[in-house]
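> Could you look at this predicted model? Sequence included:
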Amino acid sequence: MVYRASSATTNFNEVKDKLEESIILVPEEQIELMVENRAFTPTIFEDISKSIPVAFPSSRASYTEFVEHVQGYLEAPIKFGNLLDRIMLYRREKLRDYESLEDVNFLMTLLSLILETETLEDRARILYKMMSSSSSSSSSSSSSSSSSSSSSSSMILDREKIVSMIEYLHLTSQIPLEKKVIKGEQEYPVQTYQEATPSDLLAEAKGELKLPNDANPISEDEFVDILLSNAVCAW
């Protein structure tokens, strides 16, 4: 029993140690980003979010284009913006792709690193509005026949959007490292562990919250509960 427990701990730590090699930002740097950019308010973030569909109708943009657009809403450059640059450089190097455009929702999630809110719930709700705004925009561009149906669809997000949000939070170091390690399929003789995918984390969160693990759309309150769950623990 002691051997099994010790071996399982070793397996867990091996996966965690591997993930630690890919840490881009440490919590202290994230706090520094928010503290040094306190002039960047939730209102400014939401204004930028609302402007994205018009500025980037394809829902994709280069990092440079995005930063230039954001700068139009700021009185001064982002402080410690080199930390955001570091994330983008790491991402591009890992993809071995320095040219492709990025999903604007990823870029907005990256920008949220400088956003300080009163509570984590406030932060989650702002991210929900950002995702639902882009979702509503894309649906209205493909079908403008019913503004009322477009309005109602903006109140929920499909599973794919939630998985993307969790992935973007992961890529921007906004999910604790230990949450990215989950149990593998093998339990005997020794429990194995593996790196969690965004879909894994969503399934874990839904199980924790006793939500059905299906493809049904997710409401704002459910979205908030998922991001703040012990399984995801977004900060």
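Happy to help now that I have it.

> now I114: how far from D17?
Counting by CB to CB, to the nearest Å, the separation of I114 from D17 is 29 Å. C-beta coordinates here come from the backbone N, C-alpha and C atoms, glycine included.

> which one of those two has more residues nearby?
Neighbour count, other CB atoms under 10 Å: between I114 and D17, I114 has more, with 24 against 9.

> All the helices of the chain, residue numbers only.
2-20, 27-36, 42-55, 63-71, 81-95, 104-111, 120-142, 147-153, 159-171, 198-209, 220-228 (DSSP state H).

> What residues sit buried inside the last one?
Meaning helix 220-228. Under the neighbour-count criterion of 16 or more other CB atoms under 10 Å, helix 220-228 has 222-228 buried.

> tell me which strands and helices that helix is in contact with?
helix 120-142, helix 159-171, helix 198-209 (3 or more CB pairs under 8 Å, 6 or more residues apart in numbering; DSSP states H and E).

> how far off helix 159-171 does it point, in degrees?
In terms of direction (axes from the mean of the first three to the mean of the last three CA atoms, to 10 degrees), helix 220-228 departs from helix 159-171 by 30 degrees.

> Then the second one?
Comparing the axes of helix 27-36 and helix 159-171 via the same axes, to 10 degrees yields an angle of 100 degrees.

> so where's the chain uncertain?
Scanning the chain for pLDDT under 70 picks out 1-8, 134-155.

> picking up where we left off before, nearest to V26, out of the helices and strands packed on helix 220-228?
Nearest to V26, of all the helices and strands packed on helix 220-228, is helix 159-171, at 15.4 Å by CB to CB.

> tell me which residues in that closest one are buried?
Neighbour-count burial for helix 159-171, counted by 16+ other CB under 10 Å, picks out 159, 161-171.

> Next: stretch 93-111.
Neighbour-count burial for stretch 93-111 [16+ other CB under 10 Å]: 102-111.

> Nearest to the spatial middle of this structure, which residue is it?
By CA atoms, centre = their mean, the mean C-alpha position of the chain lies nearest to L169, the distance being 2.4 Å.

> Could you dump the helices and strands packed on helix 220-228 into JSON lines with distance to E178 added?
Shown next, in JSON lines, are these (distance: least, CB to CB, whole Å):
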{"stretch": "helix 120-142", "distance to E178": "17"}
{"stretch": "helix 159-171", "distance to E178": "13"}
{"stretch": "helix 198-209", "distance to E178": "12"}
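
> OK, contacts around L84?
Going by CB atoms under 8 Å, 6 or more residues apart in numbering, L84 touches 33, 78, 110-111, 113-114.

> ok, of these, which one's closest to I126?
Distances from I126 to these, taken by CB to CB, are shortest for L111, at 11.1 Å.

> Make a markdown table out of the contacts of L84 and add distance to T192.
Listed next are the contacts of L84 as a markdown table, based on distance: CB to CB, whole Å:
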| residue | distance to T192 |
| --- | --- |
| L33 | 36 |
| I78 | 42 |
| L110 | 33 |
| L111 | 37 |
| L113 | 33 |
| I114 | 38 |
